[in-house]
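next come a sequence and a model predicted from it.
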Amino acid sequence: MMRSRVWIGGFGLAVVSAAIVSMSACSSDPTPPSTGTGGATTGQGGVTGQGGSVTPGQGGSVTPGQGGSTVTGQGGAGTAGAGAGAPGAGAANACSMLTGSPFACKGTVADCSVITDIQPGSMEAWGGTNFKGGVFAYGGLTRDETKTDVLHITGDAAAYAGFGLWFTACSDLSAFKGIEFKLYGKSTGSPVTFTPQINSDAPCNDGSTGQNKGACPNATVASAYSDCAQPTKSVMTIGADAAAAPVTVLWADVAGGKPTVWTAAAGPKEVNGIQWQVAGATAIAGVDLYVDDIKLIPNDTATAAVPCTLAPATGGAGGGGGATATGGAAATGGGGGATAAGGAAATGGGSATGGATTGGGSATGGASTGGGGGAAPTGGATTGGGGGTGGTAP
């Protein structure tokens with residue numbers, strides 16, 4: 001251990017001594033050192049590199065965008081108001097498509113009450129002075145026009161087929177409490193229903209030509225009979241023949257209606273017609289029905305029944321008489337015949353208008369009767385000519 005430590009110490013002293021000597025020598029030498037030789041020749045610049053090739057980028061393709069399609073929104077359907085009010089906002093209802101619609105009821109008071117005479121034809125076939133109308137049938141049914149003392153209906157009935165009487169004017173039947181009729185014949189299937197057709201529940205536009213009734217505001221022509229519905233009364237009994245008992249329907253027995261619900265007080269004041277519906281949703285083949293002795297039942301039992309009979313048609317005026325012809329011009333009558341011994345004179349010649357003639361003279365003075373005037377034809381303007389004067393004797 002001691003030896004190592006001595007070795008290390010001696011080496012340190014030697015180094016220190018050498019350093020001191022060197023420092024002393026540098027600090028004591030005043031002569032500047034000589035200029036050193038320049039360095040080596042300036043080095044050559046490196047080879048200039050070639051610029052990299054520049055490839056211009058291609059512009060990206062631009063595809064024009066297509067404009068989005070515009071879809072027109074549909075207006076929401078309006079909600080109909082309660083009761084007989086007009087429909088809510090939305091598309092206009094079918095009434096606006098028909099001039100004069102909706103139609104007001106005139107309320108013509110019925111002036112007759114018994115319908116037993118129904119004439120053929122599509123025009124007015126029954127009625128009095130104010131209360132009158134015709135016949136309709138639909139859905140495969142037709143009227144037998146050979147019978148005028150009864151309403152006879154036949155055919156194969158489609159769904160909801162029926163028939164009835166239309167009124168020329170919307171009528172007020174409030175002076176009556178109901179109606180009576182005989183219904184007989186054949187109709188199998190659903191019961192026949194009776195309907196007093198009121199103006200408030202008739203569609204204002206069902207597409208009919210010349211329509212002049214209806215105040216129910218149906219939304220479209222196609223929805224006429226779903227938006228609007230008439231009140232009804234079922235007629236359960238169908239008789240076998242004309243001896244069937246009458247069916248009575250009182251206004252108080254009728255029910256339903258859309259949008260206006262029937263009441264016995266208001267409903268009879270706006271009736272457009274009466275209807276018998278034969279079939280419901282199911283068709284019926286071989287319908288053969290009669291409706292007879294149709295009578296309105298008065299509120300006052302003392303009111304006399306008045307037949308609804310159309311007045312006979314009046315004949316046309318006679319033609320004017322022909323113009324009177326003027327008589328022809330007068331011709332001269334024929335001369336009297338000559339006579340040698342005063343014989344009778346010849347008769348004057350005929351004349352178209354009775355021309356005058358003079359009697360012939362006598363050669364021997366014999367008496368001679370003058371010739372008669374010619375006969376005048378019918379319508380001649382003149383009369384026959386006067387007789388001639390007899391000859392004078394010598």
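In hand now; what should we look at? It should be emphasised that the depicted structure is a prediction, and the values quoted were computed from it without experimental measurement.

all strands of this structure, in order?
Ranges of strands within the chain are 108-109, 114-115, 126-127, 132-138, 141-143, 151-157, 162-172, 176-186, 192-198, 233-235, 247-250, 271-277, 284-298, based on DSSP state E.

out of these, flag the one nearest residue 309.
strand 126-127 (7.9 Å; C-beta to C-beta). Where C-beta positions appear, they are placed from N, C-alpha and C, glycine not excepted.

as CSV, the strands of the chain with mean pLDDT and mean neighbour count would be great.
CSV is the format used below for these (pLDDT from 0 to 100; neighbours: other C-beta atoms under 10 Å):
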stretch, mean pLDDT, mean neighbour count
strand 108-109, 96, 16
strand 114-115, 96, 22
strand 126-127, 94, 24
strand 132-138, 95, 19
strand 141-143, 97, 18
strand 151-157, 95, 22
strand 162-172, 96, 20
strand 176-186, 95, 19
strand 192-198, 96, 22
strand 233-235, 92, 16
strand 247-250, 96, 17
strand 271-277, 97, 22
strand 284-298, 95, 18
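
closest to residue 205 out of those strands?
Across the strands of the chain, closest to residue 205 is strand 271-277 (C-beta to C-beta), at 14.7 Å.

what does that closest one contact?
105, 133, 136, 160-167, 170-173, 179, 183, 192-199, 202, 213, 230, 232, 235, 289, 291 (C-beta atoms under 8 Å, 6 or more residues apart in numbering).

list the strands paired with it, with their directions.
With DSSP bridges as the test, strand 271-277 is paired with strand 162-172 (antiparallel), strand 192-198 (antiparallel).

on that earlier part again, and the strands of the chain: which comes nearest residue 221?
Comparing these by C-beta to C-beta, strand 132-138 comes nearest, at 16.5 Å.

buried set for stretch 255-265?
Neighbour-count burial for stretch 255-265 flags 257-260, 262 (criterion: 16 or more other C-beta atoms under 10 Å).

what's the span of that stretch, first residue to last?
In stretch 255-265, first residue to last residue: 12 Å (C-alpha to C-alpha, to the nearest Å).

residue 299 touches residue 113, doesn't it?
No. Checked against C-beta atoms under 8 Å, the pair residue 299 and residue 113 is beyond contact range at 11.4 Å.

and for the two, which residues touch both?
Contacts common to residue 299 and residue 113, judged by C-beta under 8 Å, 6+ apart, are residue 176.

circling back to that earlier point, how about the buried residues of stretch 255-265 in CSV, adding distance to residue 225?
CSV is the format used below for the buried residues of stretch 255-265 (distance: C-beta to C-beta, whole Å):
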residue, distance to residue 225
257, 13
258, 10
259, 13
260, 15
262, 17
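
of the residues you listed, which pair is most distant in space?
Across the buried residues of stretch 255-265 (C-beta to C-beta), the longest gap, 11.5 Å, separates 259 and 262.

so what's the closest residue to residue 144 other than its chain neighbours bridging to?
Counting by C-beta to C-beta, 6 or more residues apart in numbering, residue 144 lies nearest to residue 152, which is 4.0 Å off, once chain neighbours are set aside. Residue 152 has these beta-bridge partners by DSSP bridges: residue 290.

and the gap between the residue nearest to residue 98 when sequence neighbours are not counted and residue 100?
Closest residue to residue 98 apart from its sequence neighbours, by C-beta to C-beta, 6+ apart: residue 205 at 4.4 Å. Here the criterion is C-beta to C-beta, to the nearest Å. By it, residue 205 lies 10 Å from residue 100.

of these two, give the one with the bigger neighbour count.
residue 205 (22 against 10; other C-beta atoms under 10 Å).

low-scoring stretches of this structure, by residue?
1-92, 209, 312-394 (pLDDT under 70).

quick one on the thing from earlier: neighbour-wise, which of residue 299 and residue 113 wins?
residue 113 (22 against 11).

and the residue nearest to residue 119 when sequence neighbours are not counted, backbone torsions?
Closest residue to residue 119 apart from its sequence neighbours, by C-beta to C-beta, 6+ apart: residue 125 at 4.4 Å. The phi and psi values for residue 125, taken as degrees, to the nearest 10, are phi -120, psi -10.

how many other residues sit next to residue 130?
14.

and the gap between the residue nearest to it when sequence neighbours are not counted and residue 225?
Using C-beta to C-beta, 6+ apart and skipping residues adjacent in sequence, the residue nearest residue 130 is residue 111, 4.7 Å away. To residue 225, residue 111 is 32 Å away according to C-beta to C-beta.

and if you look at residue 275?
Counting by C-beta to C-beta, the gap from residue 275 to residue 225 is 13 Å.

and residue 273, by the same measure?
Distance from residue 273 to residue 225, by C-beta to C-beta: 15 Å.

also residue 117?
Residue 117 is 32 Å from residue 225, by C-beta to C-beta.

cool, and residue 236?
24 Å.

and for residue 96?
19 Å.

with residue 287 instead?
21 Å.

number of nearby residues for residue 301?
Neighbours of residue 301 using other C-beta under 10 Å come to 7.

which ones are touching it?
Residue 301 neighbours (C-beta under 8 Å, 6+ apart): none.
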